[in-house]
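Colleague: Output the structure for:
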Amino acid sequence: MPDYSQDVLRLHALRKSYNIGLPNETEVLHGIDLEIGRTDFAALIGPSGSGKSTLLNVIGLLDKPTAGELYLLGQPTSTMDDEARTTLRGNAIGFVFQFHHLIQAFTAIENVLMPLMLAHGKPSQPAIVHARALLAAVGLEKFAGTKPNQLSGGQQQRVAIARALITEPALLLADEPTGNLDTHTAAEVFDLFRRFNREFGCAVLLVTHDPRLSVACDRTINLVDGVIVSDALNKT
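Modeller: A predicted model of the protein is given here:
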C-alpha cells in the first residue's frame, strides 16, 4: 500500500536557468516552492512561455534545476548521479504526453511492458498478467496483440496511459494528454486519470490549456513567467 503520510513531490526554492555564464543567460523558473501529496489530482496551467514544460521536465528528473532542491518520495535529488536519477524516475514517475510515442513495430501489450523490459529485460509472467490487467482497465484487453497503427488516436492514448502505470508510479505526469483528442475521447481519458488516482493512490499532475479540464481537477496551480502566482483548491 502507498505511504499516504508523505508528499510524493516537494520543490524548495527551485530555479532553472539556461545558457549559464553566457551573455544570453536566462532564468526560466524563479524559486518554485511546491508540494504534491499522495492523493493530489492537480492541474498545472499558464500561458505559453510561462515555464510549464521546463517545470515538468525538472519534476520528471529529465532536467536538473540550477538551484534549490527537488524531493521525490522524500529523497533529495540534487546530488544524485545520472544512474540514480534514472532509476528513481523509472520507479516513481509515469509519463503521458500529448503524442503517445508508441513503438509502431510492437503490439499494444509489448508497448505497455516496454518500461519493464528496458529496466529488467524479458518480462516475467506476473508482469505480463499485470499488463493485461491494465489494458483491461483502459478497455483494450482484446487489443493486446494489435499494433498501434490499427488503433484509433484515443485507443493509442489509452495504451500510453497503461504503459505509464505499469511500474505502479507514485506520480503521474501528463503533458497536454488530451490535446489531440476530440471532446468525448478527451473526457474518457480524463476519467481514466481520475480512476487511477483514486484506486491506486497515484498522484496526478496534469498540464493543460483546456479550462474545462483544469476546473475538473481538485487543485489548479497557475504558473506565470516562471513563478507560481496561485495554487488553490477548486470548488466542488
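Colleague: State the distance from the closest residue in space to P148 that isn't next to it in sequence to P123.
Modeller: In this structure, P148 finds its nearest non-sequential neighbour in L102, 4.2 Å apart by C-beta to C-beta, 6 or more residues apart in numbering. C-beta: built from backbone N, CA, C; applies to glycine. From L102 over to P123 the distance is 17 Å, taken as C-beta to C-beta, to the nearest Å.
Colleague: so the residue nearest to P148 makes contact with N149?
Modeller: No. Assessed by C-beta atoms under 8 Å, L102 is found out of contact with N149, at 9.1 Å.
Colleague: These two - which one has more neighbours?
Modeller: For L102 versus N149, neighbours defined as other C-beta atoms under 10 Å are more numerous around L102 (22 against 9).
Colleague: where along the chain do the strands fall?
Modeller: With strands called from DSSP state E, the chain shows them at 7-18, 26-37, 41-45, 67-72, 75-76, 93-97, 171-175, 203-207, 219-224, 227-233.
Colleague: Quickly, which of the ones you listed bottoms out on average pLDDT?
Modeller: If the strands of the chain are sorted by mean pLDDT, strand 93-97 sits at the bottom with a mean of 86.
Colleague: so how many other residues sit close to the nearest residue to V58 once chain neighbours are set aside?
Modeller: Distance criterion C-beta to C-beta, 6+ apart; nearest residue to V58, sequence neighbours excluded, is P65 at 5.4 Å. Neighbouring residues of P65 were enumerated by other C-beta under 10 Å; the total is 21.
Colleague: pLDDT wise, what is P65 at?
Modeller: 94.
Colleague: So it versus K16, what's the distance?
Modeller: 5 Å.
Colleague: Noted, bye for now.
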